[in-house]
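Asker: Got a predicted model here, sequence first, then my questions.
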Amino acid sequence: MDVLPLLLLVAGSAAVAGAARRTPVPAPLLIVAVALLVSYVPGVPAYELDPDVVLPLVLPPLLYTAATDSSYLDLRAQLRPVALLSVGYVLFATLAVGWAAYLLVPGLPLPAALVLGAVVAPPDAVAATAVARRVGLPSRITTILQGESLVNDATAITAYKVALAAAVGEGATWAGGIGEFLLAAVGGVAVGLVLMIPIHWLRTHMNEALLQNTLSLLIPFVAYGIAEQFHASGVLAVVVVALYLGHRSWEVDFATRLQEEAVWKMVAFVLESAVFALIGLQLPVVLKGLGAYEGTTAAWYALALFLVVVATRFVWVYPATFLPRLLSARIREREANPTWKAPFIIGWAGMRGVVSLAIAFSVPLTVDGGDPFPGRNLILFLTFTTVIGTLVVQGLTLPPLIRLLKLPGRDTQAETLAEANAQAQASRAAEERLDDLLDDERNALPPPLAERLRSVMERRRNAVWERLGAVNPVTGETADDTYRRLSREMIGAERDVFVKLRDLRYIDDEMLRTLLRRLDLEEAAAYREAA
């Protein structure tokens, strides 16, 4: 692809994502809709999705940033539902959707139908996390969906390889398929376990944030590439490394964490936006290759497969939710009895995305002997329509469905109270440590500086409690909001003076940058204390 079309793709998708923030429509859906329209504008280049780019270059960083933002402890607490969805459901959907496609499409061989089943089986990590963030799902449901989306790609890719081997005449067997699955799963986890400790050691022993963040950008590609070299799951290797690094991120210095957060937010925003744009831009490519299948017939196939995909998820989710409770007294004792609402939301949140399309485009053109791969163009078309259907239908209806079912959201009051109590305990420890240090004559400070340390600590302690207080009847602000606004106004006044002095040549640009950076850090600190 030329540089200019690539730049237009990134810039256009980012612009639409920015505009979506001013609308009630989730950004992924608006980007896909706009891309569908743009794909038929004269002069727009053909953006054919290349699996050799998406799988090794786009998927690893998206998985990495999603995994580092996830909670290892929360995922461990929800291990059973996550495993049942990310492994059990994907394999079940591969077989169920594949068998349905085999019965639905005349002349489509069962191995090719199973290839289609594996392609559309995994809900997409990007789609799931993007929509979950926007609609504010309860924390347990969000954890389950994020955990599923981190692992299910590995299951689907392995199932796809097994089905593809059978379809191209390589004599795949059940035993061989199980062996390949175990190799991919165990090997991917093993590679992640081997890499995570030395990578973390490097991160904690580098002295410069710039070098540490350069390493951070390389980590997902290194983990993915090494695992794939051993025919293991690169997806699982990335997830294992990212979960470990995210869990121990507190051991990295503050400058690295601040810079890393900004870098990865930008990377995730650009990649997510471009990925959803690529989905919408595939329509002309997919339709052009549809070939012998008539438009009306293909449309009926697409509608039927979409319904099968949606129904299959519900068929799996409800038994996977309630059967373990019926079979295990221990689960009944440890976990609250779930209602029908949470499984319904999990069932309806199975949006497909770019991973399905990337796998579909990797289906070979021919099988052994040089014959065309049976139904390849139809597989591409049905994958595309399933991705679009789930994104649009389920993505648009998920927010009102959550409101209709009146699912309890996050208890922000309880979370703020827990944060305040944690900060109070930390502040007491800091105060005791400060008293111990000041008792040592080597740490003697003038009283104003010692009092400044105490006031900063007191501000941190009080900031969270102030969020629980009453609002100003005139402005509608909490005391915390007012503090943040006044702090910014004061810093803004200082910044104006510095710029004026630079313009008058009283200070040079280098000194201006130093002074502005100091103010930026103070403003960031004030914002973080109040946010």
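Answerer: Sure, I can see it.

Asker: use CA for all of it now, contacts and neighbours both
Answerer: Will do.

Asker: so how far is stretch 257-277 from its chain's centroid?
Answerer: 10 Å (CA atoms, centre = their mean, to the nearest Å).

Asker: Closest to the centroid, which residue in the protein?
Answerer: Ala66 (3.7 Å; CA atoms, centre = their mean).

Asker: Please tell me the pLDDT value assigned to that residue.
Answerer: pLDDT, Ala66: 87.

Asker: what does the average pLDDT come to for the helix or strand encompassing Gln425?
Answerer: According to DSSP states H and E, Gln425 maps onto helix 412-438. Average pLDDT, helix 412-438: 78.

Asker: What lies in contact with the next helix or strand after that helix?
Answerer: Where DSSP H and E defines the elements, the next helix or strand beyond helix 412-438 is helix 447-466. Residues outside helix 447-466 that contact it (CA atoms under 8 Å, 6 or more residues apart in numbering) are 416-417, 419-420, 423-424, 427, 430-431, 478-480, 529-530.

Asker: For helix 447-466, give the mean pLDDT please.
Answerer: 76.

Asker: Can you list the buried residues in the helix or strand just after that helix?
Answerer: As assigned by DSSP H and E, the chain's next helix or strand after helix 447-466 is helix 479-503. Under the neighbour-count criterion of 16 or more other CA atoms under 10 Å, helix 479-503 has 479-485, 488, 491, 495, 498-499, 502 buried.

Asker: rewinding a little: how near is the residue nearest to the centre of the chain to Glu477?
Answerer: Distance from Ala66 to Glu477, counting by CA to CA, to the nearest Å: 33 Å.

Asker: now do Leu8
Answerer: Taking CA to CA, one finds Leu8 at 41 Å from Glu477.

Asker: Check Ala190 too.
Answerer: 51 Å.

Asker: what's the answer for Ala299, then?
Answerer: Counting by CA to CA - Ala299 and Glu477 are separated by 54 Å.

Asker: go on, Asp74?
Answerer: 33 Å.

Asker: picking that back up, ok, and for the helix or strand harbouring the residue nearest to the centre of the chain, which residues are buried?
Answerer: If you go by DSSP H and E, Ala66 is part of helix 59-69. Within helix 59-69, the residues scored as buried using 16+ other CA under 10 Å are Leu59, Pro60, Pro61, Leu62, Leu63, Tyr64, Thr65, Ala66, Ala67, Thr68.

Asker: okay, now Ala15: neighbour count?
Answerer: The number of residues packed near Ala15 is 13, by other CA atoms under 10 Å.

Asker: Begin at 319, not 1, for the rest of this chat.
Answerer: In the new numbering, first residue 319, that becomes Ala333.

Asker: ok, now which ones touch it?
Answerer: Taking CA under 8 Å, 6+ apart, one finds nothing in contact with Ala333.

Asker: you'd agree it is in a helix?
Answerer: Yes. Assigned with DSSP: H, G, I helix; E, B strand; the rest coil, Ala333 falls within a helix.

Asker: could you pull out the strands for the stretch 419-568 of the chain?
Answerer: For the stretch 419-568 of the chain, strands defined by DSSP state E, counting those that start in this stretch do not occur.

Asker: for it, what spans make up the helices?
Answerer: All helices of the stretch 419-568 of the chain, identified by DSSP state H, counting those that start in this stretch, fall at 428-438, 443-453, 457-485, 492-523, 527-547, 552-565.

Asker: Give me the nearest residue to Leu402, chain neighbours excluded.
Answerer: Excluding the flanking residues, the one nearest Leu402 by CA to CA, 6 or more residues apart in numbering is Ala638, at 6.8 Å.

Asker: re earlier: the helix holding Gln743 packs against which elements?
Answerer: helix 765-784 (3 or more CA pairs under 8 Å, 6 or more residues apart in numbering; DSSP states H and E).

Asker: from the middle of its chain, how far away would the helix it packs on be?
Answerer: Worked out by CA atoms, centre = their mean, helix 765-784 lies 36 Å from the chain centre.

Asker: Stretch 684-695 too?
Answerer: Taking mean C-alpha positions (CA atoms, centre = their mean), stretch 684-695 and its chain are 35 Å apart.

Asker: pLDDT (mean, whole number) over that stretch?
Answerer: On average, stretch 684-695 scores 79.

Asker: go on, stretch 432-452?
Answerer: 78.

Asker: so what's Val352 up against?
Answerer: Neighbours of Val352 in contact, by CA under 8 Å, 6+ apart: Val334, Ala595, Gly598.

Asker: Many thanks, I have nothing further to ask.
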